[in-house]
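> A predicted structure for the sequence below; I have some questions about it.
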Amino acid sequence: MSIEINDLSVQFGKGTLAINHMNLSINQGIYGLLGENGAGKTTLMRVLTTIIKPTSGNIMLGGIDLKVGNYEKIQRLIGYLPQELGLYPNLSVRETLEYMGGLAGIPKAECKKQIDYYLEKTSLMEHQKKKNRQLSGGMKRRVGLVQALLHNPQILIVDEPTTGLDPEERIRIRNLLVDFSRDRIVLFSTHVLEDLAATCNSLGILRKGNLIYNGNRDALLKQVKDCVWICRLDNEEEFHKISARYFISSKKYVEDSIEARIISDKQPDIPGIITEPTLEDAYIYTMNSVK
Amino acid sequence: MKYNIRIVLTGVKACYSVAFLLILALIRGVSYREEIGAAMDANVALLAIIFCADTYYREVQDNHWEVFNLLPDKNRFHTITQRLLIQIIYISILLSLDYWVFYLKTISYETQTNWMLSYITAIFACSASVLFFGTLAYTLVNVIKNLWAGIGSTFLIWITLNSTVGKNIPMYINVFGYGSNQDMEISKDWIIGKLVAIFISIILIYINRRLLVWKRKG
């Protein structure tokens, strides 16, 4: 199972080029998709889920060409958890899943089995009789994940599933994604770099519709090796001067000084020590080195 | 079916529909039993416009449409049509009860006509209008892809058919022919008008099969 994207472009009307001649190949496991707001992540996901028709290029999902005649076949391959998913407020968790499973055409007995399995797996069994309107944000995301998995899709597409969740829920969701990625492709879009660091080996970075990085997480980190410095600055004035010359990925007040994390190819012109890069450093470095 | 009933008949909808019909019965005076259907006909159509317009649009409002669009076409069409018909039947049941509120409050004179026949006639005539305007509003919202523009354009059609312009339209092609039929008799012409409205509604329901996928072309 793989997703092959060749020369994909999406333009809205005659205006915004949301995706610009993208080439990408995604194999089994979790593939992380990073990028600023409006970079084209959601557009790419909507193209893969047949919601948006691409302007040009072609896509193969599990060997099936993504074109209008094949939409139903493609839709059976895909489970999708959009960025914002509303759940029917008057239905309970189990009723929602039964309803969605029925609409997806899953036979009743099989649907019940799948619901039981995933409710157990997502720790929602004890909440199955709760109405959707009574659920917390994290629970709603978990219900959304279960509805996406009910028909056992080969490709799971999740758009910012951890946004707005507390740390415990975030960890729970990303662990679930890791579990579900064992025998399928999971395309995981997020702004939270920690989530990607904890879950995936392959990732892509999108910037204004262009795929500016596609590859291994370690290779991305390697690009920024020996480029991250921790420097101590005396005051705000000095910090402002430095921030005008270098990319600063973090700042914190330590005793009487300011500790800044500077990203630079060369040693900054102030004293500092080289430190191990994080995914966040690598992301900022990549985003700023491709203008 | 039971889940669709719970999805579509929300507390808010139940409240405003009952309130609307009660207020209508209280403020609209009629003298003869035969006038009740005519008094209700255009007004329940107005209720149907508001009530049914969001039949599919609700999926968009509730941020559910992206997942809904991944479901098989046949099931999607079937479930949305079921939701539409649940609403039409619900309003028809309400109006058949509202008839008796009208009856109890405003009848001043008894007439010689068969009460059962005039009741069934009124419910049939009003239900046909509910079906037509409910389906039309739902269709126009799906065509225009905007709830209020869809409701507004259906309202314009309602106003046109319910005005003096509408009264000049031959009864056999006018959904409100029953109301303009001064004698409230069982006339072949207005019955044909209602049957035409039912036929158009069925066509509109099938047209929606193509409209239920709100895709954007890149």
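Yes, it's here. Residues are numbered from 1 along each chain as shown, chains lettered A, B, ... in the order given.

> list the buried ones in the strand or helix carrying A:Lys140?
Here A:Lys140 is covered by helix A:137-149, with elements defined by DSSP states H and E. Buried residues in helix A:137-149, counted by 16 or more other Cβ atoms under 10 Å in any protein chain shown: A:138-149. Using the backbone N, CA and C atoms, a C-beta is placed for each residue, glycine as well.

> quick check: closest non-adjacent residue to B:Ala53.
Closest residue to B:Ala53 apart from its sequence neighbours, by Cβ to Cβ, 6 or more residues apart in numbering or on different chains: B:Ala137 at 4.1 Å.

> how far off centre is the helix or strand hosting the one you found?
Taking DSSP H and E as the criterion, the element that holds B:Ala137 is helix B:115-144. Centre-to-centre, helix B:115-144 and its host chain are 4 Å apart (Cα atoms, centre = their mean, to the nearest Å).

> tell me what that helix is packed against?
Applying 3 or more Cβ pairs under 8 Å, 6 or more residues apart in numbering or on different chains; DSSP states H and E, we find helix B:115-144 packed against helix B:35-52, helix B:73-106, helix B:147-161, helix B:188-211.

> kindly calculate the angle that it makes with helix B:73-106.
Helix B:115-144 and helix B:73-106 meet at an angle of 140 degrees, taking axes from the mean of the first three to the mean of the last three Cα atoms, to 10 degrees as the criterion.

> got the buried residues for helix B:115-144?
B:118-119, B:121-123, B:125-142.

> quick one: low-confidence parts of chain B?
Low-confidence segments of chain B (pLDDT under 70): B:106-113, B:179-187, B:212-218.

> domains of chain A?
Chain A resolves into domains spanning A:2-215, A:224-289 when parsed by automatic domain parsing.

> ok, the longest one near chain B or not?
Yes: part of domain A:2-215 sits close enough to chain B to count as contact by Cβ under 8 Å from any Cβ of the partner chain, namely A:9-12, A:18, A:43, A:46-47, A:49-55, A:72, A:75, A:78, A:80-82, A:84-88, A:90-91, A:95, A:98-100, A:102-105, A:144, A:147-148.

> inside strands: which ones of these?
Of the positions in these, A:9-11, A:18, A:52-53, A:78, A:80-81 sit in strands, assigned by DSSP state E.

> could I get those residues as TSV with pLDDT and neighbour count?
Supplementary listing: those in TSV, determined by pLDDT from 0 to 100; neighbours: other Cβ atoms under 10 Å in any protein chain shown:
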residue	pLDDT	neighbour count
A:Ser9	89	16
A:Val10	89	25
A:Gln11	87	17
A:Ala18	87	25
A:Ile52	87	21
A:Lys53	87	16
A:Ile78	91	22
A:Tyr80	91	26
A:Leu81	89	26
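
> related to what we said a few turns ago, roughly how far apart are the residue nearest to B:Ala53 and chain A?
Separation of B:Ala137 from chain A (Cβ to the nearest Cβ, to the nearest Å): 22 Å.

> correct me, but that residue touches B:Thr154?
Yes: the criterion here is Cβ atoms under 8 Å, and B:Ala137 meets it with B:Thr154 at 4.2 Å.
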